[in-house]
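Colleague: Here is my input, please return the structure:
(chains A and B)
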Amino acid sequence: MLLQRSKLMGQINGFLMFLPYLILLVMFAVVPIVLAISVSMEKTLVNPDGGFGNYLFVLQDFRFLPAVINVSLFLLIYLPTMLIVVAGLSLLLDTIKGRYAVPLRLAYLVPAGITGSVAILVWYFMLEPTYSPFAPLFAEVGWTQSTDIFNSGNLIWIFALMTFFTGAGNWIVIQYGSLQSIPDDLLEAAKLDGANGWQVALRIKLPLIRKYLIYMLVLVMAAGLQIFVEPYLLSSTVFPGIAKDWSLNQLSYTLAFLGSNLGAATALSLMLLVVMLILALFVIFRTDFFDEAKNKIKEQ
Amino acid sequence: MKRKFLSSLAIASALTLAACAGGASDAGDSASDSDSGAAAGPRTLLVWVDTVREPACQAYQASVVGDIEVTCEVVGQEEILPKIQLANAAGEGWPDVVFSPPNSVSIYAEATNGFALNLDDYVDSAIIDDYNTSNDWCLVDGSYYCLKNDLAQTVLWYDTVIFDELGLTVPTTMAEFSATAMELKGTGYVAGAIGDQGFYAGYLWPSGCPMAHVQDGTNVRINAAAPECTRVFETMQPLVDAGVVDSRSAFDAGFLTEVAQQQKVAMHIGPSWWGEFVIRPADSWAIPEGRFTAAEMPSWPGEATAWSGEWGGGIWVVSSHAENLQDAADAGVFLATDPVMREDKVTFPGYAPAFELWAARLGKDTYYAADPTVAMVAQASRIRQDNNPVRYDMRGQIGVLQTEIGTGKTLEEATGIFMQSLIELAPGVGYTVID
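Modeller: Numbering: from 1, shown residues only, chains lettered A, B, ... in the order given. As a prediction, this is how the structure comes out:
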């Protein structure tokens, strides 16, 4: 009787803790998605019949394929960099005990405070050869004009750089936190067995936080696929037109507000959503996201 | 059991919320249609401006204090169209008067958008008459849908000191312009920078290159192979290759420090606001007194008129959804035309009485080597009329043109890419592209 009651209390408490998230999920995810599905079927100026014609219009738009290529190449650089650097730095951070641990964690967080338009300004000054403190370094490589650095070929690297610095700090701190969840006696045992620092990091710690790294991968992938702020701001303020409709989200914005075509814009947004869902599900289930860690500990 | 119940509850509530949201926007749309008539409470106006126009709005605010409560909001020019499209979708949130980029009037005046008020019944015809032809950009289907804030007609700015030093004469044709520019080779001086909107406004437009030539309402002429376009490339490319015309933007940091601020710009085809906004200010070119003035545009071969293009020339649009339409229209008229308010501003007023005060100030100004307003007046009525407001994003694509020139492509290649994107965009907003 008492057991059933505490089980019920547990379930109710669990539900109550989940409820605020559920409300927000419904309000800001489910409702917009349902609305978007109906708007994407609307009649537009170029698609007077409505329906799936809007999806076709997006796929045939001359900016769609370049945007897909841009975002794919961007993710190809951004994701591995984030994964390797964040994992590496958090593992290194974990080895530091004593008075430098806290200031270092703070130092990693500072770049993350510079986002959006401020980030564009900061990076403009860092990379513009006329103003940059790195100008002598750029001159060595032959970059003396702004167009040597800020041109359409380098955009992928520039945006990867910007988004890396704004995102990495937060994730390093989070992964550091996940490293604290590893039981100390496990690490002791490893040391007793003769494992050195490298082996402890790569063979013990890394597999145990694999779940959290995958979680990070999914979120970073979602953010990267939807990149908008950096190309939009760079293209509308400092260098007009340099990254016009460079990313898929920018194309969606352009279609909605500059092309007066909400139907096509929502169609594109939904296509992005579907792609992201497939990628996320693939990553989660292929890597046994939910069961893997439990098994690893059992094995050891 | 419980899980199934919860999930079905979530889905049901989602669908209900979606239906309610859809219903609310329909109700909002119908309510906004019945907006004419006197407002119940105090008279208010919401005006969206950019930072340069903010003092004008504040002047209006001060002039009607006590009668009308005016709120001046600074909104970035890039955000205005998206915000108004959003307001249209939501059925609320329009400003009463807005200072907008000029190309948007074609979108606002369109029936399905409906934001711009038809000014025929709200603005005194005497005001329109005093504009002469300067407000023709705002003429859509025989009615005026906006008021031109300023004319940004291009003129030939030149440095009299450099011209005297090298014994140059002011060119009156493009052939002379080309020859004069080539004489600058090896001297370190340049004949302008074209890596920005100046190339579109100062060369392609005056030459008559068809980029947005609207005919019969739904046909638009876009053709990069037209002789009016190719002659621009043939004239300007050799100058760029010789290094006497800079392919960077006139606002580029490198150009500013290496060329403009070193007083190495001998001449530059730029808009009427170039003097007050670019040549003079200390944080821009900072050219000393008594050097620059403006001359009429050089003419292209076979053209009877020395045409100008326009770089900017913003418009004031009055909202058709304003609570008090006459108040909003009056505000628009003041902001676009009030002579006293316009006197100390940077731009060339389109409205004749305002222009007279402005020209008087500039004429007395000892900063310019000679009165630049003479050339500006001459060019004011010579803005080439075959470039019209269009519903595709001209402003955005000009940015692409700018970028392509900056990456070292030839002018012909860069313009080709620019025009090709216009050809792709036009059908999406209901135009048929013709040669």
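
Colleague: tell me what the helix or strand hosting residue B:332 is packed against?
Modeller: Using DSSP states H and E, the element containing residue B:332 is helix B:325-337. With contacts taken as 3 or more C-beta pairs under 8 Å, 6 or more residues apart in numbering or on different chains; DSSP states H and E, helix B:325-337 sits against strand B:43-49, helix B:54-63, strand B:68-74, strand B:97-100, helix B:125-130, strand B:147-148, strand B:315-318. Every residue, glycine included, has its C-beta placed from N, CA and C.

Colleague: closest to chain A out of those?
Modeller: With C-beta to the nearest C-beta as the criterion, chain A lies closest to strand B:97-100 of those, at 13.2 Å.

Colleague: just checking, next helix/strand downstream of that closest one?
Modeller: That would be, after strand B:97-100 and using DSSP H and E, helix B:105-108.

Colleague: CA atoms only for that following helix - export them in PDB, please.
Modeller: C-alpha atoms of helix B:105-108 as PDB (Å, rounded to 0.1, in the frame of the first residue of the first chain):
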ATOM      1  CA  VAL B 105       6.800  51.700 -52.700                       C
ATOM      2  CA  SER B 106       6.100  49.100 -55.400                       C
ATOM      3  CA  ILE B 107       5.400  46.500 -52.700                       C
ATOM      4  CA  TYR B 108       3.400  48.800 -50.400                       C
END
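
Colleague: Pretty sure residue A:234 sits against residue A:119.
Modeller: No: taking contacts as C-beta atoms under 8 Å, residue A:234 lies outside contact range of residue A:119: 9.8 Å.

Colleague: Between those two, which is the more surrounded one?
Modeller: Taking neighbours as other C-beta atoms under 10 Å in any protein chain shown, residue A:234 and residue A:119 compare with residue A:234 leading, 24 against 20.

Colleague: Return the residues in contact with the more buried one.
Modeller: Contacts were defined as C-beta atoms under 8 Å, 6 or more residues apart in numbering or on different chains; by that measure residue A:234 touches A:120, A:124, A:158, A:242-243.

Colleague: Output those of those also counted as contacts of chain B.
Modeller: Here is what survives when these are matched to chain B using C-beta under 8 Å from any C-beta of the partner chain: residue A:242.

Colleague: What is the most widely separated pair among the contacts of residue A:234?
Modeller: A:124 and A:243 (13.1 Å; C-beta to C-beta).

Colleague: neighbour count winner among these two?
Modeller: Each of residue A:124 and residue A:243 has its neighbours counted (other C-beta under 10 Å); residue A:243 has more, 25 against 19.

Colleague: which ones are touching the more buried one?
Modeller: By C-beta under 8 Å, 6+ apart, the contact list for residue A:243 reads A:152, A:155, A:231-232, A:234-235, A:250.

Colleague: So which of the residues you listed are in helices?
Modeller: A:155, A:231-232, A:250 (DSSP state H).

Colleague: Please parse chain B into its domains.
Modeller: Taking automatic domain parsing as the reference, chain B has its domains at B:40-151+B:312-362, B:154-311+B:372-434.
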